[in-house]
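Undergrad: quick one, what's the 3D model for this:
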Amino acid sequence: MKKNYKNIAKGKGKLIAAIVVVVALILGGLYYFSPETVEVQQAEKADIKSIVSETGHIAGDDEVTVYSPVTGRLSEISFAVNQQVKTGDILAQFDLTTFEDDVKQASVNKASQSDGYNAAVAKNNQYKKMLEKASVEGEANLGIMVGLMENRDGLDITRYSKDLSNQNKLKEIEANLTNLSAQMQVAEANYQAVASAGGDTSDARGRVNDLQGQIENNRKNYLATPIESMNTEEYGLYLTIGRQLDLIDRFYNQNVQDKAIAEQAIVPEAQLRQYSDLVELAELSEEQAKRALNKATAGVVSGYEGTIVERMVDPGAVVAEGTPLFRLQPSTGLKAKVMISRFDIGSIELGQAATATIGNNKYTGKVSAIAPVATTDASGKPKVEVTVELDKGQKPTIGLEATVEIETNNVKDTLSIAALSLYSDDEGDYVYLINDGVVEKRYVTIGVKGKNNVQILDGVSEGEQVITSPLTDDDIGMRVSTK
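TA: Residues are numbered from 1 along each chain as shown. Okay, the predicted model is just below:
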């Protein structure tokens, strides 16, 4: 009985082994005839855009400070921090009372200075005419006086004189009168020269008056000298000449007096120029007051469109001209600024198309500036700042972060594969593709890299199935099928 049990056990073992072999064969067949499923994408022609993408931020033109255009008291402030303003908006207004009073006062002062100057000019013109008349008439009367004295001297009074002493006395007086007349002409000329130079005329005037007194005394002595022996006609002529001399002398003395008055009253040209300067200064002050009033009336005007980021004064404040009142962030010159690493900066050029994305909003623009010097960013690595000037009409929020994508290259209708199917190792770039149903590794030559696809220059033909599912070299030769 024991021997039979052993035979039965041996038969069962052989059966189990046979079953295992059969199962293995079945599973191997299933594996062979049921390959791994992978995702593929055919190599095909497409347009490729090479893009450098970095995180940057939105900026605008530099902040501007709005200053007070005049000195005065602010009566009203129309905008607060974070409010939007447009070009030409009135940010603040002034109390105009002081400005209007300044204009009135300046106008009164100008009128007063003008009246004073005009009066001085009119007075000068009047006394200049008086001086000219007195000078002309005085010169004429002096000439007449000399002529009368010569006529009188022509009378041969010596033969009618009984007393030789009278004859000598008359000759002495005549000589004195001739000498004094000559001295008078010199004194008059000296007086006019001193007066014209604006000097002190008191000494010159005293000399003229002294000579006039001496001439008058000699004339009286001359007339008092007895000339009894003249005949009636000669004596009558003598008396006539004497009367004419007296009359001309009065005229001449009046001329001298008028000249002195006119010369004293005429305002010197230097003083007139001072009056004129005061008028011009008053006119300038009035113009300045009017300009200040016009500026104050216009108020504090925004020269930009943008946002108030700081208000530095309150209503009622008295500010000096040039005092900073507001800081304003212009909404013009909107741009995206981004830091580019050394690996990508070589592909960045001016004029390249770019987009800045904030959330679901995209803003288009072009590269407008590339910094000539690298700076260290927050990570401590040197990078180059690139500026993308955004197209007009777009209004992103200044200061926000944005994903900036710069198109560094653009090729059309070129053979391409999916970017996620490309791998690299020490020997170069490669892909996995399906060749006769199994996985094959193939090295390729690539060109432009796009965001989602890569240009193939060599190694893959159009229409070949390139595997996009993740694989390793362990999968080479594995039978696969496509989904």
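Undergrad: count the neighbours of Gly351 for me.
TA: Per other C-beta atoms under 10 Å, the neighbour tally for Gly351 reads 7. Every C-beta, even on glycine, is put in place using the N, C-alpha and C of the backbone.
Undergrad: number the residues from 394 up from this point.
TA: That works, and once the first residue is 394, the last one we named lands at Gly744.
Undergrad: which SSE is the closest residue to it other than its chain neighbours in?
TA: Spatial nearest neighbour of Gly744, excluding adjacent residues (C-beta to C-beta, 6 or more residues apart in numbering): Lys759 at 5.6 Å. Lys759 belongs to strand 754-763 when assigned by DSSP states H and E.
Undergrad: gap between the helix or strand where Ala527 lies and the chain center?
TA: Per DSSP H and E: Ala527 is located in helix 490-547. Distance of helix 490-547 from its chain centroid, counting by C-alpha atoms, centre = their mean, to the nearest Å, is 49 Å.
Undergrad: could you list every helix and strand in contact with that helix?
TA: strand 465-470, helix 557-589, helix 625-658, helix 662-691 (3 or more C-beta pairs under 8 Å, 6 or more residues apart in numbering; DSSP states H and E).
Undergrad: nearest to Ala499 among those would be which one?
TA: Ala499 sits nearest to helix 662-691 of all these, at 4.0 Å, using C-beta to C-beta.
Undergrad: buried residues in the closest one?
TA: Tyr668, Leu671, Val672, Ala675, Glu676, Ser678, Glu679, Ala682, Ala685, Leu686, Lys688, Ala689 (16 or more other C-beta atoms under 10 Å).
Undergrad: for stretch 820-836, how far is the first residue from the last?
TA: 8 Å (C-alpha to C-alpha, to the nearest Å).
Undergrad: name the residues that touch it?
TA: Around stretch 820-836, the neighbours that count as contacts under C-beta atoms under 8 Å, 6 or more residues apart in numbering are 428, 431, 433, 810, 814-817, 837-839, 852-853, 857-860, 864, 866, 868-875.
Undergrad: tell me which of these fall in strands.
TA: 431, 433, 810, 816-817, 837-839, 858-860, 873-875 (DSSP state E).
Undergrad: check pLDDT for those residues and point me to the minimum.
TA: Within the set of the ones in strands among the contacts of stretch 820-836, pLDDT is lowest for Thr875 (87).
Undergrad: skipping adjacent residues, who's closest to that one in space?
TA: Val433 (5.1 Å).
Undergrad: who does that neighbour bridge with?
TA: Ile860 (DSSP bridges).
Undergrad: re the thing from before, looking at the helices and strands packed on helix 490-547, which has the lowest confidence?
TA: Among the helices and strands packed on helix 490-547, helix 557-589 carries the lowest mean pLDDT (a mean of 79).
Undergrad: show me which of the contacts of stretch 820-836 are buried.
TA: 428, 431, 433, 810, 814-816, 837, 839, 852-853, 857-860, 864, 868, 873.
Undergrad: which of the ones in strands among the contacts of stretch 820-836 sits closest to Arg636?
TA: The closest of those, once distances to Arg636 are taken by C-beta to C-beta, is Ile839, at 136.2 Å.
Undergrad: I'd say that closest one and Leu815 touch.
TA: Yes: using C-beta atoms under 8 Å, Ile839 is in contact with Leu815, at 7.0 Å.
Undergrad: overlap in contacts of those two?
TA: By C-beta under 8 Å, 6+ apart, the residues touching both Ile839 and Leu815 are Asp822, Val847.
Undergrad: one step back: what angle do strand 465-470 and the helix holding Ala527 make with each other?
TA: For helix 490-547 against strand 465-470, the angle by axes from the mean of the first three to the mean of the last three C-alpha atoms, to 10 degrees is 150 degrees.
Undergrad: what is the mean pLDDT for helix 490-547?
TA: 90.
Undergrad: tell me the angle that helix makes with helix 625-658.
TA: Using the same axes, to 10 degrees: helix 490-547 against helix 625-658 is 160 degrees.
Undergrad: picking that back up, now for the residue nearest to Thr875: which residues touch it?
TA: Per C-beta under 8 Å, 6+ apart, neighbours of Val433: Leu826, Ile827, Gln858, Val859, Ile860, Thr861, Ser862, Thr875.
Undergrad: shouldn't Val837 be in contact with Asp851?
TA: Yes: shown here, Val837 and Asp851 form a contact pair, counting by C-beta under 8 Å, at 6.6 Å.
Undergrad: adding distance to Lys774, write the ones in strands among the contacts of stretch 820-836 out as TSV.
TA: Shown next, in TSV, are these (distance: C-beta to C-beta, whole Å):
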residue	distance to Lys774
Val431	39
Val433	38
Ile810	32
Tyr816	27
Ser817	23
Val837	31
Thr838	31
Ile839	26
Gln858	40
Val859	35
Ile860	35
Val873	42
Ser874	46
Thr875	43
